[in-house]
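>>> Here is a sequence with its predicted model. Questions after.
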Amino acid sequence: MLDWTFWLEMTIKAFALIMIVLGGFAYLTWYERRALARIQARIGPNRVGPQGLLQPIADAVKLIFKEELKPVKADKIVFFLAPIVTVVPATVLAAVIPWGTSFMLFGREIRLYVANVNVGVLYITAIASIAVYGIVLAGWSSNNKYAMLGGLRASAQMISYELSLGLCFVTAILLGNSMSLVDIVNAQRDMWFVLVQPVGALLFFIVTLAEVSRSPFDMPEAEQELTSGYHVEYSGMKFALFFMAEYEKMIIVSAILATLFFGGYREFWFLKDTFLSIDYSWLLGSWHITNWFLGPLYIFLKVVVLLFFMIWVRATLPRIRYDRLMSFGWKITLPLSLVIVFFTATGILLAQDVNPLYIWLTPVLSIVAGMFAVVMIYWSLRRKLHERA
């Protein structure tokens, strides 16, 4: 028998999640412009609405009515579909991220995630790999050599850093003993994984910057040599879709990082059994505030902080050279991620078979490996500097 209430619930949750992600994309642009302005001693958007809060709406209206141009010799169908192929996976990724626990509504338990897939991590890696097709096809279909170079750069960069990203996922899977994101969050009930594997969390952050082509890894759209890269021939709403995909991916990868290493929707472990865990049912009736309200609030705060670090990196570090970007991916992040997986597995085995305190060997050895990687980067840069001199 068809359970129409189940499909109605899934439809409403999917629609609500899409609207939240789209709204987050719009105001992430405002957040970034205001944060960059503050860091660089500028004013930032402050004309449209109070504190410039309506600036994203003005930008959307401008892009909607902007004329769209299409190269005469472009592949019309692929040129049209490429932005869609880029933006859809960024939105679909949010389906398996747990944003909270659950609450009761009309006698039905409503869980604050669209799907609890038992291979959620595998789902994320599979869907995230599709987005690169849109960028490559956009560069190829434009019939422009600069756009084509941007698409080739994007494919090479994503292949290089997806290997390290997959191994960072393996680290979280080992610590949580599950591929389900809900189980990984519940495994951080008493302590976040970032304490056990701080270098793994930092490496995940760095690799995701490369995956979403954020500064200093924004080589596919380098203005200096590629005149804006793979989307140079796009305008109007088609360009806005590429813009939307980048910022949506920023939100989603920040949510994934918060889920895997920072406890997700769970409370800050050092605030357990404080006033934040008091039962407020007298205020909200049968809705327990710790079950449904604080979870989304916690993960929202964590995502906002992680997004600020992404913006901070953009304001601080210059774009690195492409050969160094590829060298960093293959010679530093990939070996380091392999070492981190090895140390994590070793620490877990020793903690299970010998002494639980051996789990703390994992962060110590990982920090040593991370420091060694930093020394190798410094030595490599100094050597190249002396060679040029």
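Here it is on my side, so go on. Numbers count the residues shown, from 1 in each chain.
>>> May I see the buried residues of stretch 145-164?
Residues of stretch 145-164 classed as buried: 146-158, 160-164 (neighbour count, 16 or more other CB atoms under 10 Å). The C-beta positions use only the backbone N, C-alpha and C, and glycine is treated the same way.
>>> Convert it to PDB, retaining C-alpha atoms only.
Output in PDB follows, covering the C-alpha atoms of stretch 145-164 (Å, rounded to 0.1, in the frame of the first residue of the first chain):
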ATOM      1  CA  LYS A 145      40.800  28.000 -25.600                       C
ATOM      2  CA  TYR A 146      41.000  29.900 -22.300                       C
ATOM      3  CA  ALA A 147      37.700  28.300 -21.100                       C
ATOM      4  CA  MET A 148      39.000  24.900 -22.200                       C
ATOM      5  CA  LEU A 149      42.200  25.400 -20.200                       C
ATOM      6  CA  GLY A 150      40.100  26.300 -17.200                       C
ATOM      7  CA  GLY A 151      38.100  23.100 -17.600                       C
ATOM      8  CA  LEU A 152      41.200  20.900 -17.900                       C
ATOM      9  CA  ARG A 153      42.800  22.600 -14.900                       C
ATOM     10  CA  ALA A 154      39.600  21.800 -12.900                       C
ATOM     11  CA  SER A 155      39.500  18.200 -13.800                       C
ATOM     12  CA  ALA A 156      43.200  17.600 -13.000                       C
ATOM     13  CA  GLN A 157      42.900  19.500  -9.700                       C
ATOM     14  CA  MET A 158      39.800  17.600  -8.600                       C
ATOM     15  CA  ILE A 159      41.300  14.200  -9.500                       C
ATOM     16  CA  SER A 160      44.400  15.100  -7.500                       C
ATOM     17  CA  TYR A 161      42.700  16.200  -4.400                       C
ATOM     18  CA  GLU A 162      39.800  13.800  -4.400                       C
ATOM     19  CA  LEU A 163      42.200  11.000  -3.500                       C
ATOM     20  CA  SER A 164      43.200  12.900  -0.300                       C
END
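>>> Give me the contact list for that stretch.
With CB atoms under 8 Å, 6 or more residues apart in numbering as the test, stretch 145-164 has contacts from 125, 128-129, 132, 135-140, 142, 203, 207, 210-211, 213, 217, 219-222, 226-233, 322, 325-326, 329-330, 333-334, 336-337.
>>> same deal with stretch 106-115?
Outside stretch 106-115, the residues touching it (CB under 8 Å, 6+ apart) are 5, 9-10, 13-14, 17, 94-104, 182, 265, 292, 295-296.
>>> Also stretch 66-74?
Defining contact as CB under 8 Å, 6+ apart, one finds that stretch 66-74 is touched by 76, 79, 141, 142, 143, 144, 233, 235, 236, 237, 238.
>>> what about the first one, distance to residue 142?
Spelled out, that is residue 76. 11 Å (CB to CB, to the nearest Å).
>>> Looking at these two, which is more packed in?
residue 142 (26 against 11; other CB atoms under 10 Å).
>>> What distance do you get for that one to residue 159?
For residue 142, the distance to residue 159 (CB to CB) stands at 21 Å.
>>> Equivalent analysis for residue 343, please.
Distance from residue 343 to residue 159, by CB to CB: 25 Å.
>>> where's the residue most central in space within the chain, which helix or strand?
With distances taken as CA atoms, centre = their mean, the residue of the chain nearest its centroid is residue 253 (1.3 Å). Element membership of residue 253 [criterion: DSSP states H and E] is helix 236-261.
>>> Same check on residue 147?
Using DSSP H and E, residue 147 falls in helix 145-176.
>>> After that helix, which helix or strand is next?
In N-to-C order, the element after helix 145-176 by DSSP H and E is helix 181-186.
>>> Doesn't residue 67 belong to a strand?
No. Going by DSSP: H, G, I helix; E, B strand; the rest coil, the assignment for residue 67 is coil, not a strand.
>>> How many residues are close by it?
Neighbours of residue 67 (other CB under 10 Å): 6.
>>> For it, what are phi and psi?
Main-chain dihedrals, residue 67, degrees, to the nearest 10: phi -70, psi 140.
>>> Against residue 76, how distant is it?
Applying CB to CB, the value for residue 67 to residue 76 is 17 Å.
>>> just residue 29 next, same as before
Per CB to CB, residue 29 is found 29 Å from residue 76.
>>> could you point out the longest helix in this protein?
Longest helix in the chain, counting residues (DSSP state H): helix 4-39.
>>> Who are the contact partners of the closest residue to residue 176 other than its chain neighbours?
In space, and not counting its chain neighbours, residue 176 is closest to residue 184: 3.6 Å by CB to CB, 6 or more residues apart in numbering. Residues in contact with residue 184, defined by CB under 8 Å, 6+ apart, are 121, 172, 173, 175, 176, 178, 193, 259, 260, 264.
>>> pretty sure the third one is touching residue 183, no?
Think residue 173. No. Counting by CB atoms under 8 Å, residue 183 is not a contact partner of residue 173; they are 9.8 Å apart.
>>> Neighbour count for those two, which is higher?
residue 173 (19 against 16).
>>> list the contacts for that one?
Going by CB under 8 Å, 6+ apart, the list of residues near residue 173 reads 121, 179, 184.
>>> Return the residues in contact with the second one.
When contacts are counted by CB under 8 Å, 6+ apart, residue 179 is found next to 118, 119, 120, 121, 122, 173.
>>> pLDDT score assigned to the last one?
Residue-level confidence at residue 173 comes out at 91, pLDDT.
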